[in-house]
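J.: below: sequence and its predicted model.
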Amino acid sequence: MSTIAFEGRTMSDQARHAEVAGAGFAGLTVSIALARKGWSVRLHEQNDELRDFGAGILLWRNAMLALEVIGVAATIRERGVLPDSYDTSLNGELVSEEIPGFPYWAITRPELHALLTDAAREVGVEIVAGSKAVAAEPAGVLVLEDGSRLEADLVVATDGAGSAVRNSLPALVQERKKYQDGVCRVLIPRPDEFKGKEWDRVIDFWTLEPDAMRILFIATGPDTIYMGMMASTANERASRIPIDVEVWSERFPHLAGAIELAGVATGGRHDAYQTNKVTPWSDNRVVLVGDAAHAMCPALGQGASVGIVNAVELAHTLDQYDDITEALAVWEERERPMSDAAQARSAFMAETRTMAKGNGFSAGVMETANFELSAAGPDVLALYPVPEGARP
């Protein structure tokens with residue numbers, strides 16, 4: 001077993017160094033944010049290829065503020081879709097039209113991942129593919145599957161809800177819960193009937209009888225539609241990948257054309273709803289960011305956004321303190337209330353399926369989306385004004 005150390009380094013004469021496990025959205029974001037603050041960063045991805053295994057994503061105002069800080073948001077605003085509204089439809093009838101004009105963007109997950117990867121490389125992040133992290137030591141050591149032990153000023157675990165790094169640290173206590181529903185995520189070519197500016201919106205289609213099924217329909221660009229297809233995990237046919245066209249078309253006949261495209265889409269995935277609350281988020285010089293720290297149900301659409309926010313705020317807070325462990329404590333104290341609230345609200349929405357009733361985005365619920373980063377100055381905040389009535 002080999003140890004790779006950065007010997008002779010002091011904070012006064014050499015940049016701090018971070019080893020980051022997991023090159024998803026949170027891992028890429030924290031790597032960029034740290035590198036922009038002068039850290040040397042090595043980012044490990046267990047897969048041989050850097051790409052996102054997903055379909056589409058909504059980036060709420062909080063995430064856009066964070067991405068603005070690291071210089072990525074402008075491209076997202078240029079390439080993504082700013083939905084005109086978030087509409088809810090129950091049994092084929094419009095229930096409500098909500099938060100028109102609120103600043104959130106829709107984009108494909110592969111495109112967002114590519115933008116973040118390019119930005120990471122531009123700021124000097126060393127990205128190592130085919131490098132699987134299996135554990136960490138609290139003193140600041142990342143352990144790889146091949147037995148290598150990599151010393152660092154800080155180890156950042158962004159290796160997802162099933163984080164091996166987190167699971168190797170007994171000081172981090174976990175509370176896990178699974179829920180009744182799951183979601184199939186697919187990206188389809190944008191059908192002709194859904195082209196045009198009038199379809200640049202989010203439509204949340206629901207049917208509750210004989211059991212709950214949902215299609216979250218999001219235009220992610222001029223040529224693509226993201227469909228998040230939710231059903232009880234007990235409904236085996238509705239939980240299949242590839243999509244079972246017959247069962248979904250029977251429940252949503254007005255979307256039959258799009259569902260047929262979903263049935264032949266490649267790269268789709270199914271995820272069961274779950275939460276994992278971890279306390280605390282750090283152990284000495286090892287810290288969790290993203291789903292490794294606060295996996296949440298996708299009902300609120302804030303899982304990725306909260307991870308992105310916390311990643312940028314982590315780098316910002318570390319920049320203000322000489323003592324890393326002190327910085328981690330201050331960072332968690334600020335970020336945890338927002339993150340815990342988002343996790344609890346998403347769990348409530350998943351358990352009650354309250355989004356089917358419409359009017360789900362109350363001012364209180366929008367508190368997460370309106371979270372304002374310490375890292376975002378007045379000039380950044382001014383780019384994303386909050387519509388009247390959208391604040392708690």
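T.: On my side now, so go ahead. Quantities reported herein were computed from a predicted structural model and do not represent experimental measurements.
J.: report all helices and strands that the longest strand belonging to the chain contacts.
T.: Ranked by residue count and defined by DSSP state E, the top strand of the chain is strand 173-189. Here strand 173-189 touches strand 224-232, helix 256-263, strand 269-279, helix 324-352, going by 3 or more Cβ pairs under 8 Å, 6 or more residues apart in numbering; DSSP states H and E. (Each C-beta comes from the backbone N, C-alpha and C, glycine too.)
J.: list the buried ones in the following helix or strand past that strand?
T.: Beyond strand 173-189 on the C-terminal side, the first helix or strand identified by DSSP states H and E is strand 202-207. The neighbour-count check on strand 202-207 (16 or more other Cβ atoms under 10 Å) flags Val202, Ile203, Asp204, Phe205, Trp206, Thr207 as buried.
J.: how about the helices in this protein?
T.: With helices called from DSSP state H, the chain shows them at 25-36, 61-69, 73-79, 109-122, 164-167, 245-251, 256-263, 291-294, 303-318, 324-352, 378-381.
J.: mean neighbour count, the helices and strands packed on strand 173-189: which tops it?
T.: Highest mean neighbour count of the helices and strands packed on strand 173-189: strand 224-232, a mean of 23 (counted as mean count of other Cβ atoms under 10 Å).
J.: given that strand, what are its sheet partners and their directions?
T.: Using DSSP bridges, strand 224-232 pairs in its sheet with strand 173-189 (antiparallel), strand 213-221 (antiparallel).
J.: looking at those strands, which is closest to Gly124?
T.: strand 213-221 (29.8 Å; Cβ to Cβ).
J.: may I have stretch 30-44 exported as CSV, CA atoms only?
T.: Listed next in CSV are the C-alpha coordinates belonging to stretch 30-44 (Å, rounded to 0.1, in the frame of the first residue of the first chain):
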residue,chain,number,x,y,z
VAL,A,30,-16.5,22.0,-5.3
SER,A,31,-13.4,21.3,-7.4
ILE,A,32,-13.9,24.4,-9.5
ALA,A,33,-14.7,26.5,-6.5
LEU,A,34,-11.6,25.4,-4.6
ALA,A,35,-9.3,25.8,-7.6
ARG,A,36,-10.6,29.3,-8.1
LYS,A,37,-9.6,30.0,-4.5
GLY,A,38,-6.0,28.8,-5.2
TRP,A,39,-6.2,25.2,-4.0
SER,A,40,-4.6,22.4,-5.9
VAL,A,41,-7.3,19.8,-6.6
ARG,A,42,-7.3,16.2,-7.8
LEU,A,43,-10.8,14.8,-8.7
HIS,A,44,-11.3,11.1,-8.8
